[in-house]
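Colleague: requesting a structural model of the entry that follows:
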Amino acid sequence: MSQDKVDSILAQWQQVRPDLDCSAMGVVGRLRQTSNLWKSQLDLVFKHHELSAVEFDILATMRRCDQPLTPTQLYQTLMLSSGAVSTRIEQLVQRGLVERLASQQDRRSCEVKLTEAGVALVDQAVNAHVANMDGMLQVLDANEQQQLAALLKKVLLAGE
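Modeller: Below you'll find the predicted structure:
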């Protein structure tokens, strides 16, 4: 098997600290490098559709929920501050991708929904996003992808 940057780092640690088991460093280091690599690849697709990652997340959340949402529902789903979501929603409204609807229950509140242009853009972006992710994972066969997903899920659930 080929050597990667992490192998070099682990070898250096083995030289100076042979008493230290750095195997966890290998896993975490590779996950961090993979995350950085994948973030760049994901951002290219978003940029191609003139979206930031946050804007894509907002539009994709609205699309998969398939109903108007309050800004609060959005920011709780996206784990962003309410101010960050409000600013992005305003920008998406200005671009004609999202529209505000007055709440039937509370005059002080509103809901947001995708416009036809927003649906069209997010559908195109999601198609490209899924194809991009498929390409990023093509080095693994279907069974390996399922194993990796299960292992990462286990790690994430333990951290929550």
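Colleague: now stretch 93-103: average pLDDT?
Modeller: Over the span of stretch 93-103, the pLDDT mean works out to 92.
Colleague: contacts for that stretch next, please.
Modeller: Applying C-beta atoms under 8 Å, 6 or more residues apart in numbering, the contact partners of stretch 93-103 are 58-59, 62, 68, 70, 89, 92, 109-115, 117-118, 121-122. From N, CA and C alone the C-beta is placed, and that goes for glycine too.
Colleague: in strands, which of these fall?
Modeller: Of the contacts of stretch 93-103, the ones assigned to strands by DSSP state E are 110-114.
Colleague: and the contacts of stretch 148-160?
Modeller: With contact meaning C-beta under 8 Å, 6+ apart, stretch 148-160 is reached by L140.
Colleague: my bad, stretch 8-26
Modeller: The set of residues that contact stretch 8-26 without belonging to it, under C-beta under 8 Å, 6+ apart, is 6-7, 29.
Colleague: picking up where we left off before, take the ones in strands among the contacts of stretch 93-103 and write them to CSV, including pLDDT and neighbour count.
Modeller: Converted to CSV, these look like this (pLDDT from 0 to 100; neighbours: other C-beta atoms under 10 Å):
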residue, pLDDT, neighbour count
C110, 87, 15
E111, 91, 18
V112, 94, 21
K113, 94, 16
L114, 97, 23
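Colleague: any chance of JSON lines for the contacts of stretch 8-26, columns distance to D21 and pLDDT?
Modeller: Shown next, in JSON lines, are the contacts of stretch 8-26 (distance: C-beta to C-beta, whole Å; pLDDT from 0 to 100):
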{"residue": "V6", "distance to D21": "15", "pLDDT": "94"}
{"residue": "D7", "distance to D21": "15", "pLDDT": "94"}
{"residue": "G29", "distance to D21": "14", "pLDDT": "95"}
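Colleague: need the longest helix for the protein.
Modeller: As assigned by DSSP state H, the longest helix anywhere in the chain is helix 23-48.
Colleague: ok now that helix, how far from the chain's centre?
Modeller: Here helix 23-48 is found 11 Å from its chain centre; the criterion is C-alpha atoms, centre = their mean, to the nearest Å.
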